[in-house]
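Student: Generate coordinates for the sequence data below:
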Amino acid sequence: MTKCFGKDIDCECLIPVAEALALCDSLVYAKANGHTRLEVEGDSKIVIDAVNEVFDPPWRLIKIVEDIKSVAAQFVFISFRQVFREANFVADAITHLRHSLPNGNTWVNRVSIEATHVLVFDIVNSII
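Tutor: Residues are numbered from 1 along each chain as shown. Purely as a prediction, here's the structure:
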């Protein structure tokens, strides 16, 4: 078992299931913290396409995708866009950093210095 947003997840579960659960939990967190407009970018094509109704989700994702849509309907504006993992570099790096911390910090108004370095690296290299 491993933890995903405080929930025990079977390590044998499909990666899209874990990604969909993380998306759903992130939307709940954003809503609880007063956000009303979101642009969601994710590198899981199967999850993003299922949420955008490009195709019917696999049976393991049906309930989670329904939950995502239910939470998403509570926002004034929300969009979901699939991006390549390479384009999602900052989010990926911050996720790995977050999981390496002993107490599982969550940053609200600012990110750690390590995450800031990743963000600056991404900005500088996208300008070049």
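
Student: Spit out the contact partners of Ala91.
Tutor: Glu41 (Cβ atoms under 8 Å, 6 or more residues apart in numbering). No exception for glycine: its C-beta is placed from N, CA and C like everyone else's.

Student: before we move on, what about Glu19?
Tutor: Counting by Cβ under 8 Å, 6+ apart, Glu19 touches Gly42, Ser44, Val47.

Student: wait, what's in contact with the second one?
Tutor: Read it as Ser44. Contacts of Ser44 (Cβ under 8 Å, 6+ apart): Ile15, Pro16, Glu19, Ala20, Leu23, Gln82.

Student: Please apply the same query to the first one.
Tutor: Applying Cβ under 8 Å, 6+ apart to Gly42 gives the contacts Glu19, Leu23, Ile48, Phe80, Arg81, Gln82, Val83, Asn88.

Student: at 6 Å what do you get?
Tutor: Counting by Cβ atoms under 6 Å, 6 or more residues apart in numbering, Gly42 touches Ile48.

Student: Narrow the contacts of Glu19 to those in strands?
Tutor: Mapping these onto strands (DSSP state E) picks out Gly42.

Student: Return the strand or helix carrying Lys69 as PDB; C-alpha atoms alone will do.
Tutor: Taking DSSP states H and E as the criterion, Lys69 maps to helix 62-72. Taking C-alpha atoms only, helix 62-72 is exported to PDB below (Å, rounded to 0.1, in the frame of the first residue of the first chain):
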ATOM      1  CA  ILE A  62     -16.100   5.500 -14.200                       C
ATOM      2  CA  LYS A  63     -17.000   6.500 -10.600                       C
ATOM      3  CA  ILE A  64     -13.900   8.600 -10.100                       C
ATOM      4  CA  VAL A  65     -14.600  10.500 -13.400                       C
ATOM      5  CA  GLU A  66     -18.200  11.100 -12.200                       C
ATOM      6  CA  ASP A  67     -16.800  12.500  -9.000                       C
ATOM      7  CA  ILE A  68     -14.400  14.700 -10.900                       C
ATOM      8  CA  LYS A  69     -17.200  16.100 -13.000                       C
ATOM      9  CA  SER A  70     -19.400  16.600 -10.000                       C
ATOM     10  CA  VAL A  71     -16.700  18.700  -8.200                       C
ATOM     11  CA  ALA A  72     -15.800  20.500 -11.500                       C
END
